[in-house]
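>>> Got a predicted structure plus its sequence, pasted below:
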Amino acid sequence: MLTRIAVLVSGSGTNLQRLLEAEADGGLSHGKIELVISDHAEAYALVRAADHGVPTAVVERRGCADRQQFEAKITALLSDYRVDLIVLAGFLTILSGDFTSRWPQRIINVHPSLIPAFCGKGFYGLKVHEAVLAAGVTATGATVHFVNEIPDGGPIILQQEVAVEAGDTPEILQRRVMEQAEWVLLPRAVDLVAAQIQQETEKKHD
């Protein structure tokens, strides 16, 4: 009984790609990606999902009356696909406390810094790496954590440190953090949590 996973995306889907590859290579042995939801119809992540035979759906904020309707549409899809675990992989819409409270310890996010540094509202994408370089720190990294009502505020699952090097630009640092931390940590963390959910599910059916 594999843990049923939905991945929420907004852009190119490089983290989704690593999850799809991990699933194909056996690195995601306790879960199966059943659905990819994007809040942007043009997101290339949708192409990556389709190339791997994963069903996709688009729920855009601009097509909804308010955030409540937006989240209700996502919830309906998650219910239809009987999802057990939600993975935010470059999903740029902040989910409400009402939504996250219905999924305690069942939503995972990857953030490109060593939380609690350079995180929270407004810290996303290149903005994180720009802030890291402006601060003059010698190390950064990535964090995979559970999602709660506080942006980037849920319990940490895994972290990986990455060196900041002389001459780094935000783009160069972003790529290094992806390669050395995000793409390594996310499949590991997803499989770890999927295994825990799988065990809980099996106990319920014993």
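Now that the structure is in, tell me what you want to look at.
>>> Do a quick rundown of the helices in this structure.
Remark: helices assigned in the chain by DSSP state H are 14-25, 45-51, 67-80, 97-101, 126-135, 170-177, 183-205.
>>> Between these, which one is closest to residue 148.
Ranking the helices of the chain by proximity to residue 148 (C-beta to C-beta) places helix 97-101 first, at 5.4 Å. Where C-beta positions appear, they are placed from N, C-alpha and C, glycine not excepted.
>>> for that closest one, which positions count as buried?
99-100 (16 or more other C-beta atoms under 10 Å).
>>> again with stretch 138-148
140-148.
>>> thinking again about what came up before, compare the helices of the chain and give me the one nearest residue 39.
Distance to residue 39, taken as C-beta to C-beta, is lowest for helix 67-80 among the helices of the chain, at 7.9 Å.
>>> Leaving out sequence neighbours, find the closest residue to residue 102.
Excluding the flanking residues, the one nearest residue 102 by C-beta to C-beta, 6 or more residues apart in numbering is residue 75, at 7.7 Å.
>>> thought the one you found was touching residue 99?
Yes - Residue 75 is in contact with residue 99 according to C-beta atoms under 8 Å; the separation is 7.3 Å.
>>> For residue 86, grab the count of nearby residues.
For residue 86, the count of nearby residues is 23 (other C-beta atoms under 10 Å).
>>> Now do the same contact list for it.
5-8, 78, 103, 106-108, 147 (C-beta atoms under 8 Å, 6 or more residues apart in numbering).
>>> quick check, nearest of the residues you listed to residue 62?
Distances from residue 62 to the contacts of residue 86, taken by C-beta to C-beta, are shortest for residue 8, at 16.7 Å.
>>> List the contacts of the closest one.
Residues near residue 8 by C-beta under 8 Å, 6+ apart: 36-39, 74, 86-89, 91.
>>> For the contacts of residue 86, pick the one with the most neighbours.
Neighbour max across the contacts of residue 86 (other C-beta under 10 Å) = residue 7, 31 neighbours.
>>> Redo the buried residues of stretch 138-148 as CSV? Include pLDDT and distance to residue 173.
Supplementary listing: the buried residues of stretch 138-148 in CSV, determined by pLDDT from 0 to 100; distance: C-beta to C-beta, whole Å:
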residue, pLDDT, distance to residue 173
140, 98, 7
141, 98, 11
142, 98, 11
143, 98, 15
144, 98, 19
145, 98, 20
146, 98, 26
147, 97, 24
148, 96, 28
